[in-house]
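Colleague: Compute the structure for the input listed below.
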Amino acid sequence: MHNRAIRTALAAVVALAVPLTVAACGDDDNGGGGSTNAGANKPAITIGSKSFTEEAILGELYSQALRAKGYKVTLKPNIGQTEIADKALTSGKIDMYPEYTGTTLSVVAQQKTKPKSAEDAYAAAKKFYEGRGQTLTEPTPFFDSDGVAVKKDFADSKGLKALPDLKKLSGNDAKLAGAPEFATREEGLLGLKSVYGLNNLKFTPLQIGLQYQALDQGKVSLIEVFTTDGALASGKYTVMEDPQKVFGFQNVAMVLPQKLEKDLGSEFTDTVNAVSAKLTNEAMQQMNAAVDIDKNKPAAVAQKFLKANGLD
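Modeller: Predicted structure coming up:
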């Protein structure tokens with residue numbers, strides 16, 4: 001019953017019934033997505049997903065929806081960070097994976113120019129991929145960027161609302177924990193220093209998922225977060241505003257070779273786009289919470305979401 005109580009509280013915050021249904025069904029080992037079609041003439045595909053909760057859920061959502069349409073799908077979860085995922089794609093170890101548009105530009109394309117809007121970021125990312133024979137499906141409505149969060153009471157006591165406010169912190173108050181790659185990215189510590197002058201921050205690398213525990217235990221005062229993290233729905237944390245958009249625009253789209261998209265046919269593209277269209281910020285935050293807080297499995301969460309939206 002404890003898991004249901006958490007989900008009910010979260011649902012009350014965002015009034016989102018579908019992910020509540022996901023959690024209320026409890027943990028389920030059945031990944032779902034079983035096809036009712038023979039799918040004999042459809043190519044087999046391998047989908048990868050990166051090494052954090054949201055990507056695990058995304059991988060399951062797309063894989064199960066495609067299996068329901070008769071595609072033979074192999075899912076390779078937890079393949080690593082962006083650089084590794086891109087190498088897996090270009091080397092043919094995977095056929096596709098869900099990627100964030102801003103990360104495409106800053107990490108894969110290594111572009112220094114910042115897009116001015118989510119639409120610009122998507123257009124620039126798609127143009128980059130098309131330049132090397134790949135493409136993107138339609139972007140999700142949800143927008144998951146990096147962010148810096150603190151405990152709400154700490155923010156209130158220190159007068160912290162936006163990233164520039166962090167410049168006045170020192171000592172233990174300036175300790176920041178995040179994924180190791182956060183330290184070397186423009187959409188990370190480098191950008192915080194160059195754009196906001198936050199040279200006072202003392203960075204501690206941590207595996208993704210451990211930062212909230214470090215913050216709650218007082219080991220650090222600041223943490224890197226994803227803005228759709230389920231933990232943020234608790235109201236315990238404050239995410240700093242990013243007026244200069246250091247963390248960019250991070251809608252998600254599936255990246256794959258152009259030829260493969262053509263070979264897979266319009267039903268493939270329509271299926272992926274139909275799933276993406278349902279993925280709002282509220283939906284992703286609820287599904288992330290169902291995994292991270294309620295300890296449901298990504299496959300079970302994805303299965304219930306797809307069923308509730310008629311995509312199974």
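
Colleague: Low-confidence regions, the stretch 151-300 of the chain specifically.
Modeller: Low-confidence segments of the stretch 151-300 of the chain, defined by pLDDT under 70, are absent.

Colleague: which stretches of it form strands?
Modeller: 175-178, 202-205, 222-226, 237-239, 252-257 (DSSP state E, counting those that start in this stretch).

Colleague: of all those strands, which lies closest to residue 137?
Modeller: For the strands of the stretch 151-300 of the chain, the distance to residue 137 is smallest for strand 252-257, at 4.3 Å, taking CB to CB. (Each C-beta comes from the backbone N, C-alpha and C, glycine too.)

Colleague: Quick one: residues in contact with the closest one.
Modeller: Contacts to strand 252-257, defined as CB atoms under 8 Å, 6 or more residues apart in numbering, come from residues 58, 62, 89, 95-101, 104, 122, 125-126, 129, 133-140, 142, 144, 272, 276, 279.

Colleague: Now, these that are in strands?
Modeller: Counting by DSSP state E, the contacts of strand 252-257 place 97-100, 134-136 in strands.

Colleague: can you pick the most crowded of those residues?
Modeller: residue 100 (29 neighbours; other CB atoms under 10 Å).

Colleague: Next, the contact list for that residue, please.
Modeller: Neighbours of residue 100 in contact, by CB under 8 Å, 6+ apart: 144, 250-252.

Colleague: Go through these and say which is closest to residue 264.
Modeller: Distances from residue 264 to the contacts of residue 100, taken by CB to CB, are shortest for residue 252, at 18.8 Å.

Colleague: what separates the closest residue to that closest one other than its chain neighbours from residue 122, distance-wise?
Modeller: In space, and not counting its chain neighbours, residue 252 is closest to residue 140: 4.5 Å by CB to CB, 6 or more residues apart in numbering. Applying CB to CB, to the nearest Å, the value for residue 140 to residue 122 is 10 Å.

Colleague: Looking at the two, which one has more neighbours?
Modeller: Using other CB under 10 Å as the criterion, residue 140 and residue 122 rank with residue 140 on top: 26 against 22.

Colleague: circling back to that earlier point, for the strands of the stretch 151-300 of the chain, which one sits closest to residue 295?
Modeller: Within those, the stretch nearest residue 295 is strand 222-226; the backing value is 18.5 Å (CB to CB).

Colleague: who does the closest one pair up with?
Modeller: strand 146-151 (antiparallel), strand 175-178 (parallel) (DSSP bridges).

Colleague: With distance to residue 256 and mean neighbour count added, can I get the ones you listed in JSON lines?
Modeller: As requested, the strands paired with strand 222-226 are arranged in JSON lines below (distance: least, CB to CB, whole Å; neighbours: other CB atoms under 10 Å):
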{"stretch": "strand 146-151", "distance to residue 256": "25", "mean neighbour count": "23"}
{"stretch": "strand 175-178", "distance to residue 256": "29", "mean neighbour count": "22"}
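
Colleague: and residue 286, which of those strands is closest to it?
Modeller: When the strands paired with strand 222-226 are compared (using CB to CB), the closest one is strand 146-151, at 18.0 Å.

Colleague: got the CA positions of that closest one in CSV?
Modeller: Taking C-alpha atoms only, strand 146-151 is exported to CSV below (Å, rounded to 0.1, in the frame of the first residue of the first chain):
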residue,chain,number,x,y,z
ASP,A,146,19.8,19.1,-16.8
GLY,A,147,19.3,21.4,-13.8
VAL,A,148,20.7,22.3,-10.5
ALA,A,149,18.5,21.6,-7.4
VAL,A,150,18.8,22.3,-3.7
LYS,A,151,16.6,21.6,-0.7
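
Colleague: Helices along the stretch 51-200 of the chain, start to end?
Modeller: 53-68, 82-90, 101-103, 118-130, 152-158, 189-196 (DSSP state H, counting those that start in this stretch).

Colleague: hey, which of those helices is tucked in deepest?
Modeller: helix 101-103 (a mean of 27; mean count of other CB atoms under 10 Å).

Colleague: quick one: contacts of it?
Modeller: Applying CB under 8 Å, 6+ apart, the set of residues contacting helix 101-103 from outside is 82, 115, 118, 121-122, 124-125, 136, 139, 145, 187, 247-253.

Colleague: What distance do you get for residue 283 to residue 265?
Modeller: Taking CB to CB, one finds residue 283 at 27 Å from residue 265.
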